[in-house]
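> this is a predicted model, with the sequence first.
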Amino acid sequence: MEREIDMKEVSDGRLYKANDLVKADARGCRGCFACCQGMGTSVVLDPYDVFCLCRGLGTSFDALLEEKIELNIADRLILPNLKMTGAKETCVFLNEEGRCSIHAFRPGMCRLFPLGRFYEDHSFWYFLQVHECPKPDRGKVKVYKWLGIPDLKRYERFVWDWHEDLKKRREQVKAEPERIREISMDILRKFYMAPYDPGRDFYEQFYERR
């Protein structure tokens, strides 16, 4: 999800690449799950997130829509996001012990937290959101290790391309707001609803659809 922010107010003033050390390691969170509550519709899922969830849970996009994810408008487009439940808006995947039940294949936004992305010049940088995580004693960790995503270079290429694709679609909706459903449904059908083969490489399938 794109945001208009003042980097001086939300970050430590630095931009990071994958091999840089950043003070993001909450050391297992130690019983804290503040970032798994009150997120509203902000944990927007990209096609890789849905691929990982479907493969990890042995389910389909349609089945996830029944109780685990939902569709909402995110920056002019209708996209899927993780569902929050209860008075405290708790993530549906948080178990009774306050731990993530899908940690091994959690969405990219969850892996990223408390980092964010700053897009610029055909690429992006990572930045530390200094007010997001309440843990005061976070340790330093390399960005790539914190993300824990296999084949990070391919993933980062995908993230950029997906960002640019959505940017173009949002410009279409901005020019023709009455087409939001048509444009959004085209994205959903092509990149989310059509099943991915869990035995095949995700990126190959994504770029075939693209």
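Thanks, I have the structure now. Numbering: from 1, shown residues only.
> from here on, contacts and neighbour counts on C-alpha atoms
Will do.
> give me the nearest residue to residue 36, chain neighbours excluded.
Excluding the flanking residues, the one nearest residue 36 by CA to CA, 6 or more residues apart in numbering is residue 91, at 5.5 Å.
> phi first, then psi, for the one you found.
phi -60, psi 140 (degrees, to the nearest 10).
> quick one: it and residue 99 touch, right?
No - using CA atoms under 8 Å, residue 91 is not in contact with residue 99; the gap is 10.3 Å.
> who has more neighbours out of those two?
More crowded of residue 91 and residue 99, by other CA atoms under 10 Å: residue 91, with 24 against 17.
> quick one, helices of the protein?
Along the chain, counting by DSSP state H, helices occupy 7-10, 47-57, 61-67, 108-112, 143-147, 152-175, 180-188, 202-209.
> sorry, back to before: could you give the bridge partners of the residue nearest to residue 36?
Bridge pairing for residue 91 (DSSP bridges) gives the partners residue 84.
> now it: how far from residue 68?
With distances taken as CA to CA, to the nearest Å, residue 91 is found 9 Å from residue 68.
> next one: residue 185
Residue 185 is 20 Å from residue 68, by CA to CA.
> pLDDT weak spots in the protein?
1-9 (pLDDT under 70).
> do you know how far the residue nearest the centre of it is from residue 72?
Centroid-nearest residue in the chain, with CA atoms, centre = their mean: residue 109, separated by 3.1 Å. From residue 109 across to residue 72, the span is 16 Å (CA to CA).
> residues near residue 24, how many?
23.
> how about it, what does it touch?
Listed by CA atoms under 8 Å, 6 or more residues apart in numbering, the contact partners of residue 24 are 114-115, 128, 138-141, 146.
> now those in JSON lines, with neighbour count and distance to residue 39?
Below are the contacts of residue 24 laid out as JSON lines (neighbours: other CA atoms under 10 Å; distance: CA to CA, whole Å):
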{"residue": "114", "neighbour count": "20", "distance to residue 39": "13"}
{"residue": "115", "neighbour count": "24", "distance to residue 39": "15"}
{"residue": "128", "neighbour count": "24", "distance to residue 39": "18"}
{"residue": "138", "neighbour count": "16", "distance to residue 39": "21"}
{"residue": "139", "neighbour count": "12", "distance to residue 39": "24"}
{"residue": "140", "neighbour count": "15", "distance to residue 39": "25"}
{"residue": "141", "neighbour count": "17", "distance to residue 39": "25"}
{"residue": "146", "neighbour count": "18", "distance to residue 39": "21"}
